[in-house]
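J.: I'd like to go over a predicted model; first the sequence, then the structure.
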Protein chains: 2
Amino acid sequence: MLLSQRCEYALRTALYVAAAAPGAYIAVREISSALGIPYHFLAKIVQTLTGAGLFQSMRGPTGGVALARPAARITLKDIVLAVDGPAVFRECVLGLPGCGDREPCPLHDQWAPARAEVGRMFGEATLADTAARIQAGGFRLANLAPA
Amino acid sequence: MLLSQRCEYALRTALYVAAAAPGAYIAVREISSALGIPYHFLAKIVQTLTGAGLFQSMRGPTGGVALARPAARITLKDIVLAVDGPAVFRECVLGLPGCGDREPCPLHDQWAPARAEVGRMFGEATLADTAARIQAGGFRLANLAPA
DNA sequence: CTAGTTTCGGACAAACGAGTCCTAAATACC
DNA sequence: GGTATTTAGGACTCGTTTGTCCGAAACTAG
C-alpha cells in the first residue's frame, strides 16, 4: 500500500473533523465509531497529529480534538508528512538510496514525474475543499457496512 | 513505500538477468553479490518468480536462473503482480473497500487517474527496453558503495 | 560412480506495524 | 471538593515482513 494504515486512518480522521462544525471539539470515541477505526489505535494516531501541531486537544467532558488551524490552511500532505514522513514523496521506486537526476535508476525518468504528481496532488488538496466535497454529498469516509 | 522490499529486489533482479546475455543461466549467488541483496532472501524471491512462470531455473554447476520468455514479453507489471499482487494497482488511497466510481471516497477522482498512470507505466515498460537503458549506460541497479 | 555446486523447500529468528490495555493527568458537572 | 469523562503516554500482544539456516534434490565434471 502507498500509505500506512495509521496514515489512512489519520487522513480520514482529519477529514471527518474538518467536515464537522469548525472549532468544535470532537471526541475520539465518536470518530472511532463513525469511521470504524479501533478506538485505542486511533487515540495514538490523534496524539501524533496533536504533537505535530495539526490538531488541538482538550481533556475532560466536552473535550476532544479540533483542527489547530483553519481547514483551508492544512493540506493532506501535512497529514501524510506528520504520520508517514517524507519517504513517500522522495523515495526511489526500486529503493536505491541516492537515486536522483545525478545517479538515476533505470526507472527514475518515468517514476520521478509520477511521484511529483502525487506530491502535488496531496500538497494542493486542503482539508477545507476536500471536506466540502464530502458535505456536498456523494463521497464517503467510512465503509458502508460497519459490521 | 509503494512496493515491498521483496518486490524491489525482484524488479532489480529481473532487470539484472535481462541485461545479461540472453538465455544464459545466472547464479543467484552472483546476482546477490552484484546487487547487494541478502543471498538466502533473494533465493526465495527467485523461487517466487520461477513459480510464477517468469523465470526458468537449472540446478547444479553452470545452473542458475534465466528469463522464461523473451525480455520484450515480460513487463515490470508482471513482476509486481507476481510478488506483491494486484493491490497496488487497485486499492483506494484511503483504504476504503469497494471504493470506485459508484461509491467513491473524497480523493477517488484525483487518485484514480494517478493510480492508472502508475499501472500504465509498469504495464508498458518491458524488461527488454528497461534493460537496454541500463546497457546504454548512465543508469544503475545497485548501490554505489555496497558496504 | 563420486564429489562439488546449485536450486528447492521448509523451519526458524528478528524487526516492524497494527492493535490492545492500563494508569495518570486534566477538565466539566454536581 | 468529588466524581465521571476525556486525552496522554506507556507497556504489551499479535501478525506480517524481512532475513537466516539447513537438509534434500538435481545437475556437472572428474
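T.: Structure received.
J.: give the contact list for the closest residue to residue A:74 other than its chain neighbours.
T.: For residue A:74, ignoring the flanking residues on the chain, the nearest one in space by CB to CB, 6 or more residues apart in numbering or on different chains is residue A:127 at 4.7 Å. From N, CA and C alone the C-beta is placed, and that goes for glycine too. Residues counted as contacts of residue A:127 (CB atoms under 8 Å, 6 or more residues apart in numbering or on different chains) are A:14-15, A:18, A:67, A:71-72, A:74-76.
J.: For ChimeraX, what selects the buried ones among those?
T.: Here is the ChimeraX command that selects the buried residues among the contacts of residue A:127 (16 or more other CB atoms under 10 Å in any protein chain shown):
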select /A:14,15,18,67,71,74,75,76
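J.: Tell me which of the contacts of residue A:127 fall in helices.
T.: A:14-15, A:18, A:76 (DSSP state H).
J.: buried ones in whatever helix or strand residue A:10 lives in?
T.: Using DSSP states H and E, residue A:10 maps to helix A:5-19. Residues of helix A:5-19 classed as buried by neighbour count (16+ other CB under 10 Å): A:7-19.
J.: Just the pLDDT for the residue nearest to residue A:74.
T.: Residue A:127 is assigned a predicted lDDT (pLDDT) of 98.
J.: Likewise for residue A:1?
T.: So residue A:1 comes in at 88 (pLDDT).
J.: what's the neighbour count on it?
T.: Neighbouring residues of residue A:1 were enumerated by other CB atoms under 10 Å in any protein chain shown; the total is 16.
J.: Roughly how far does the residue nearest to residue A:74 sit from residue A:34?
T.: 17 Å (CB to CB, to the nearest Å).
J.: Could you do residue A:64 as well?
T.: 12 Å.
J.: Let me know whether stretch A:7-15 sits next to chain B.
T.: Yes - using CB under 8 Å from any CB of the partner chain, stretch A:7-15 reaches chain B at A:8, A:11-12, A:15.
J.: Also stretch A:17-28?
T.: No - Stretch A:17-28 lies apart from chain B when judged by CB under 8 Å from any CB; the minimum separation is 9.1 Å.
J.: Now the residue nearest to residue A:99 when sequence neighbours are not counted. Its backbone dihedrals?
T.: Of all residues not flanking residue A:99 in the chain, residue A:92 sits nearest, at 3.5 Å (CB to CB, 6+ apart). Here is the backbone geometry of residue A:92 (degrees, to the nearest 10): phi -70, psi 140.
J.: Point out the residues in chain A that sit beside DNA strand D.
T.: Listed as neighbours of DNA strand D in chain A under the rule CB under 7 Å from any atom of the strand: A:26-29, A:40, A:43-44, A:46-47, A:50-51, A:57-61, A:63-65.
J.: Keep only those of those that are in helices.
T.: A:28-29, A:40, A:43-44, A:46-47, A:50-51.
J.: And the residues you listed, which is closest to residue B:140?
T.: residue A:51 (38.4 Å; CB to CB).
J.: I figured residue A:118 hits residue A:91, correct?
T.: No - using CB atoms under 8 Å, residue A:118 is not in contact with residue A:91, being 11.6 Å away.
J.: These two: which is more packed in?
T.: Ranked by neighbour count (other CB under 10 Å), residue A:118 and residue A:91 place residue A:118 first, with 23 against 18.
J.: State the distance from that one to residue B:69.
T.: 31 Å.
J.: do the same with residue A:106
T.: Distance from residue A:106 to residue B:69, by CB to CB: 19 Å.
J.: quick one: which of these two has more around it?
T.: Remark: of residue A:106 and residue B:69, residue A:106 carries more neighbours, 27 against 13, as counted by other CB under 10 Å.
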